[in-house]
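Novice: what's the 3D shape of this:
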Amino acid sequence: MTLEEVLIQKPIERAQCTGNALEEVLVTAKENDSLTVGVYECAKIMNLDPDSVSFCVLATDEEFECDIALQIHFTLIQSFCFDNDISIVRVSDMQRLAEIVGDKAEQLEDAHCVLITNPAEGSWEDPALAKLHLFCEESRSLNDWVPEISLPGR
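Specialist: Numbering: from 1, shown residues only. The predicted structure is shown next:
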């Protein structure tokens, strides 16, 4: 999809397209062992090797909206992403995000932050990731610094 095609899409179509792209990127990154899940694990990666981080996803749901500590972590992560030119989005369905990035055997308790990193041996190219970067860039130009994306349901 070209930039022109993205720009002329209706907002609902664009939101669905972006949600599908995010799911596709997360699945591909998981297969390539390029995901980091959890607020503290993500903070470690950002501190040790910020250049390896390609994309950041923050997730919350109604249960955690009033969690002050989590909101402080989100603010710090967002600031770090802005300072290091890392694209960042927010999703409101943490349960769905945990389904996508987790293993069937384990229950993910901290899927509040997910980083997509580039593997050390070389960067994998994904058209869906390029689409997400374009979406974030366009959102920033409209002063929506952390756009929200809805993940498609199962």
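
Novice: could you look up the SS state of residue 63?
Specialist: helix (DSSP: H, G, I helix; E, B strand; the rest coil).

Novice: how many other residues sit next to it?
Specialist: 9 (other Cβ atoms under 10 Å). Where you see a C-beta, it was placed from the backbone N, CA and C, and this is true even at glycine.

Novice: from residue 94, how far out is it?
Specialist: According to Cβ to Cβ, to the nearest Å, residue 63 and residue 94 sit 8 Å apart.

Novice: so what's residue 43 up against?
Specialist: Residue 43 makes contacts with 73, 76-77, 113, as judged by Cβ atoms under 8 Å, 6 or more residues apart in numbering.

Novice: just among these, which is most surrounded?
Specialist: If you count neighbours using other Cβ under 10 Å, the busiest of the contacts of residue 43 is residue 113, which has 25 neighbours.

Novice: so how far is residue 81 from that residue?
Specialist: 10 Å.

Novice: then residue 51?
Specialist: Distance from residue 51 to residue 81, by Cβ to Cβ: 13 Å.

Novice: same check on residue 75?
Specialist: Taken as Cβ to Cβ, the span from residue 75 to residue 81 is 11 Å.

Novice: which one's more surrounded, those two?
Specialist: Using other Cβ under 10 Å as the criterion, residue 75 and residue 81 rank with residue 81 on top: 22 against 10.

Novice: what about the spatially most central residue of the chain, which SS state?
Specialist: The centroid of the chain falls nearest to residue 57 when counting by Cα atoms, centre = their mean (2.5 Å). Classification of residue 57 using three-state DSSP returns strand.

Novice: could you find the closest non-adjacent residue to it?
Specialist: residue 114 (4.4 Å; Cβ to Cβ, 6 or more residues apart in numbering).

Novice: list phi and psi for the one you found.
Specialist: As for residue 114, its main-chain torsions (degrees, to the nearest 10) stand at phi -130, psi 130.
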